[in-house]
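Novice: let me see the structure of the following:
(chains A and B, ligands or ions: 2)
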Amino acid sequence: MFRARPEVRPATVEVFVEGSPVLVPEGATAAAAVLLAGLPAIRETPVTGSPRLPLCQMGVCFDCLAEIDGIPNRQACMVTVAPGMRIARQHGAREALR
Amino acid sequence: MSDVDLAIIGAGPAGMAAAVEARLQGLSVLVVDENAAPGGQVFRAAEACAPDPAVGPDIMPGLPLIAAFRACGADYRAATTLWHLDPEEGLLSLAAGGATETVTARRILLATGAQERPVPMPGWTLPGVMGAGAAQILLKTAGAVPAGPTVLAGQGPLVWLLAVQLARAGASPLVLETRTVSIAAALAKAGGGLWAGRALLAKGLSLMTEARRRGVRVICDVRGLRAEGGTRVERVVWDGGSAPCDTLLLHEGVIPSTHVSRAIGLDHAWDAGQACWRPVTDDVGATSAARVAVAGDGAGIGGWQAAAAAGRLAALDAARRLGALSEDGFARAVAAPRADRRAALALRPFLDALYAPPAAILTPPDETVACRCEEVTAGAIRRAAALGATGPNQMKAYLRCGMGPCQGRLCAPTVAALIAEVRGLAPGEVPPLRPRAPYKPITVGMLAAGAESLQQRGP
Ligand SMILES: Cc1cc2nc3c(=O)[nH]c(=O)nc-3n(C[C@H](O)[C@@H](O)[C@H](O)COP(=O)(O)OP(=O)(O)OC[C@H]3O[C@@H](n4cnc5c(N)ncnc54)[C@H](O)[C@@H]3O)c2cc1C
Ligand code: FES
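Specialist: Residues are numbered from 1 along each chain as shown, chains lettered A, B, ... in the order given. Ligands and ions are numbered 1, 2, ... in the order given. Coordinates of the predicted model:
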């Protein structure tokens, strides 16, 4: 679990993680929103279905692949939040779109 | 006619310093970076997080460079990813906001920086386990910190920096230091450098003092580390100890991110001192490809000051090659950045020796998942290597590792090291995986739009 520190970074942007509203600071990524929302996993692996959360936050590991505003397979850690953004976990999807 | 004189990939210290210098020399400059703001890893989101007392003091030194970069007149494209590069033609394919675009450049500088060294160990795929750098990114970009019992395990300067930053933010971690090399042994190996590197050394020592003053608990000589839990990490266990844990942050140093440089086929060499591959460059960043240079931590880990100096050197070389700077002018101009880089690198051999990654991380035990995307264990890779998979490219065919979404960014070093181990070769004898474009996922729609723009451009 992660927590925000509103005293230094006020949470002003409302996004929807798995349909639930979450307030996050401006400049946060969709991956940060997932962690701040306390989601137990952002995706399940295609091979064994094991749960994953973001590992690297910098675009390397692809363990943050999520459906953002209806588009699947996006690296949530590389997407900055915008008001009203919808972030949903995804199941499987062996390969990112090529 | 090319669109720009110099295209720079990466707006970290190397890319920003290169852009400022190239503009001073009169070149037209394009800078692209995936991130939303300039700064790279060290100064990520610096403008936004400078007022945060947890990270502000460490971010401040980057603000002048960022301001100079913003004012230098380069065409800076934030949130823009390089997904293909043709080094012969100088053709860059960029993706931003759901569309692609191609740009041509007379010279190209890769300033793509470093990534954290993968830390494969039992349990590292459990939710709640992440890179130490990842936690630092959450702190810099969102002010966020782990909420429950937090363990920071590994070694290197970033461990101490992050321990202090988390403590300042009221989220003090338990530090488990995995260092195996003694200070005396590291000194003997490095053969000095402490005096010339004293400024950096003083910074490191003051971080350790601050960690202690803030009450950060440190356990040294930790071996046999693993994460345990059901659907999430619940505790960390090591030889002779264990601790409850809700967030486990791992760090065994950083390595050059060579994804693009390997994909375009630059010559690479094994760096035994840093236990990683790096592109072969000359003193000013020129590579085996005529148009392409590499500068900063992407060419070998040196830290941000060395990266900035290397960026300036590569920009001066670009200006010379493109006829904007005479040989004499070049010779005069490179003296200062060369001296800066020498000073910044003085402590590096000592740090490399002191924080050498332990063997258990480079070649993990059989039950450890090495390829996270395809969930391939180290044991499976060892068996395939024994059966005849002589390199990472063949290993793809045997086990699919390297074929998942991360394209081997995370498993490639481990796969190569395991193959070398099984075949009795030195690490440098197993060539790294050759990635392919697109370097980042591109949708079919984006590709179609890109093809159209290419056609419009004509032959
Ligand atoms: C996670 C992490 C945290 C770190 N934190 C610190 C720290 O706090 N203090 C410290 O002294 N050092 C830190 N470092 C070390 C770091 O390498 C610095 O030495 C410094 O940032 C290196 O500067 P650089 O310009 O070479 O690369 P970087 O600063 O890494 O900049 C590279 C830039 O290239 C961009 N990029 C890469 N590939 C592409 C692409 N295909 N398309 C578009 N853009 C791309 C990236 O988004 C990035 O902004 C950290 C390293 C990592 C990996
Ligand atoms: S968290 Fe690793 S790619 Fe997004």
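
Novice: could you use CA atoms for every contact and neighbour count after this?
Specialist: Noted.

Novice: okay, the residue of chain A found nearest ligand 1: pLDDT?
Specialist: Scanning chain A for proximity to ligand 1 using C-alpha to the nearest ligand atom identifies A:M58 as nearest, at 6.8 Å. At A:M58 the predicted local distance difference test score is 97.

Novice: okay, now it: neighbour count?
Specialist: Residues lying near A:M58 (other C-alpha atoms under 10 Å in any protein chain shown) number 21.

Novice: could you do the one 10 residues further on as well?
Specialist: Around A:I68 there are 22 other residues, counting by other C-alpha under 10 Å.

Novice: excluding chain neighbours, what is closest to it?
Specialist: Taking C-alpha to C-alpha, 6 or more residues apart in numbering or on different chains as the measure, A:I68 lies nearest to A:I87, with 4.6 Å between them; neighbours along the chain are not counted.

Novice: B:L266 now?
Specialist: Of all residues beyond its chain neighbours, the one nearest B:L266 is B:S288 (5.7 Å), with distances taken as C-alpha to C-alpha, 6+ apart.

Novice: center of chain B, which residue is that?
Specialist: In chain B, the residue lying closest to the centroid (C-alpha atoms, centre = their mean) is B:A114, at 1.1 Å.

Novice: identify the residues contacting that residue.
Specialist: When contacts are counted by C-alpha atoms under 8 Å, 6 or more residues apart in numbering or on different chains, B:A114 touches B:V254, B:I255, B:P256, B:S257, B:D297, B:G298, B:I301.

Novice: do a quick rundown of the helices in the stretch 101-250 of chain B.
Specialist: Assigned helices in the stretch 101-250 of chain B, in chain order: B:132-142, B:157-168, B:183-190, B:198-213 (criterion: DSSP state H, counting those that start in this stretch).

Novice: hmm, back to that, the residue nearest to A:I68: neighbour count?
Specialist: When neighbours are counted by other C-alpha under 10 Å, A:I87 registers 27.

Novice: and B:T112, its phi and psi?
Specialist: Summarising the backbone geometry of B:T112 under the convention degrees, to the nearest 10, its torsions are phi -90, psi 0.

Novice: the nearest residue to it once chain neighbours are set aside: neighbour count?
Specialist: Distances taken as C-alpha to C-alpha, 6+ apart put B:G10 closest to B:T112, at 5.0 Å, once the chain neighbours are dropped. By the measure other C-alpha under 10 Å, the count of residues near B:G10 is 29.

Novice: mind checking how far B:G10 is from ligand 1?
Specialist: Distance, B:G10 to ligand 1, by C-alpha to the nearest ligand atom, to the nearest Å: 3 Å.

Novice: next: B:R383.
Specialist: B:R383 is 31 Å from ligand 1, where distance means C-alpha to the nearest ligand atom.

Novice: state the distance from that residue to A:P21.
Specialist: 48 Å (C-alpha to C-alpha, to the nearest Å).

Novice: re the thing from before, so the residue nearest to B:L266, which of the three states?
Specialist: In three-state terms, and counting by DSSP: H, G, I helix; E, B strand; the rest coil, B:S288 is coil.

Novice: pretty sure it contacts B:A269?
Specialist: No. With contact defined as C-alpha atoms under 8 Å, B:S288 does not count as touching B:A269 (11.7 Å).

Novice: what residues does the nearest residue to B:R409 once chain neighbours are set aside make contact with?
Specialist: The shortest distance from B:R409 to any residue that is not its chain neighbour, by C-alpha to C-alpha, 6+ apart, is 6.2 Å, and that residue is A:V60. Applying C-alpha under 8 Å, 6+ apart to A:V60 gives the contacts B:Q115, B:C406, B:R409, B:L410.

Novice: number of nearby residues for the second one?
Specialist: Using other C-alpha under 10 Å, the number of residues around B:C406 comes to 25.

Novice: that one looks like it's in a strand, true?
Specialist: No. Looking at B:C406 with three-state DSSP, it is coil, so not inside a strand.

Novice: does B:P122 touch B:V233 like I think?
Specialist: No. The pair B:P122 and B:V233 fails to qualify as a contact (C-alpha under 8 Å) at a distance of 11.2 Å.

Novice: joint contacts of B:S288 and B:A269?
Specialist: With contacts taken as C-alpha under 8 Å, 6+ apart, B:S288 and B:A269 have B:V280 as neighbours in common.

Novice: hang on, the earlier thing: neighbour-wise, which of B:P122 and B:V233 wins?
Specialist: When neighbours are counted by other C-alpha under 10 Å, B:P122 and B:V233 differ, and B:V233 comes out ahead with 22 against 19.

Novice: state the distance from that one to B:V151.
Specialist: As for B:V233, its distance to B:V151 is 11 Å (criterion: C-alpha to C-alpha).
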